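Participant: structure here, sequence nowhere to be found:
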């Protein structure tokens, strides 16, 4: 299947999930994270979920990170198809953008090279760590700016595809977490 067909197929699969399934699977994904060796890291980049698209609910991951006193950085989409990275504090105002994605309005900017772990949104991924997002390249451009030691972790309700189309500009994941399993691509 081509990327657009895969995007449509996985959007449909997510649409079929009930709110209870999304919540339960999201909690299982957060619990899976506890077994990864990454808790010595300090700066974690976390996308905020668009609930209307039935994305993995990252509130559970956020609670976990805050409970472990980690610095959480959240993205803001810019008009040039880049992301800004804002430190999440008690004073950070969050508002949905025109796509319904919760974003910080202002706040303290953090350099991509400071971030040590990135939780990456996706629609699907394969056994080699390739992923398909929404198609605008925001995350591929961002991940290319991160330190080579940074860990890229996808979050998905579904198991991987065998192989998906990849391009030279696509950045691979090191891990993908599902409710049932952690996939490693190292």
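Facilitator: Received it, and whenever you're ready, just let me know what you need. No experiment lies behind these values; they were computed from the predicted model shown.

Participant: so residue 151 makes contact with residue 175?
Facilitator: Yes. Under the criterion of CB atoms under 8 Å, residue 151 makes contact with residue 175 at 7.0 Å. C-betas here are computed from N, CA, C, even on glycine.

Participant: what kind of secondary structure is residue 52 in?
Facilitator: Following DSSP: H, G, I helix; E, B strand; the rest coil, residue 52 is assigned to helix.

Participant: show me what contacts the residue nearest to it when sequence neighbours are not counted?
Facilitator: Counting by CB to CB, 6 or more residues apart in numbering, residue 100 is the residue found nearest to residue 52 once chain neighbours are left out, at 5.2 Å. Residues near residue 100 by CB atoms under 8 Å, 6 or more residues apart in numbering: 50, 52-53.

Participant: need the longest helix for this structure.
Facilitator: helix 19-33 (DSSP state H).

Participant: quick one: it to chain centroid distance?
Facilitator: Its chain's average C-alpha position is 14 Å from that of helix 19-33, according to CA atoms, centre = their mean, to the nearest Å.

Participant: ok, stretch 170-186 next?
Facilitator: How far stretch 170-186 lies from its chain's middle: 11 Å, per CA atoms, centre = their mean.

Participant: contact partners of it?
Facilitator: Against stretch 170-186 from outside (CB under 8 Å, 6+ apart): 24-25, 28-29, 32-33, 35-36, 120, 122, 125, 127-131, 139-140, 143-144, 151-160, 166.

Participant: how close does the residue sitting nearest the centre point of the chain sit to residue 58?
Facilitator: Of all residues in the chain, the one closest to the mean position by CA atoms, centre = their mean is residue 120, 2.4 Å from it. As judged by CB to CB, to the nearest Å, residue 120 and residue 58 stand 11 Å apart.

Participant: what do you get for residue 106?
Facilitator: In this view, residue 106 and residue 58 are 21 Å apart by CB to CB.

Participant: and for residue 26?
Facilitator: Taken as CB to CB, the span from residue 26 to residue 58 is 8 Å.

Participant: settle it for me: which of residue 106 and residue 58 has more neighbours?
Facilitator: residue 58 (23 against 10; other CB atoms under 10 Å).

Participant: residue contacts, the more buried one?
Facilitator: Residue 58 neighbours (CB under 8 Å, 6+ apart): 26, 46-49, 119, 155.
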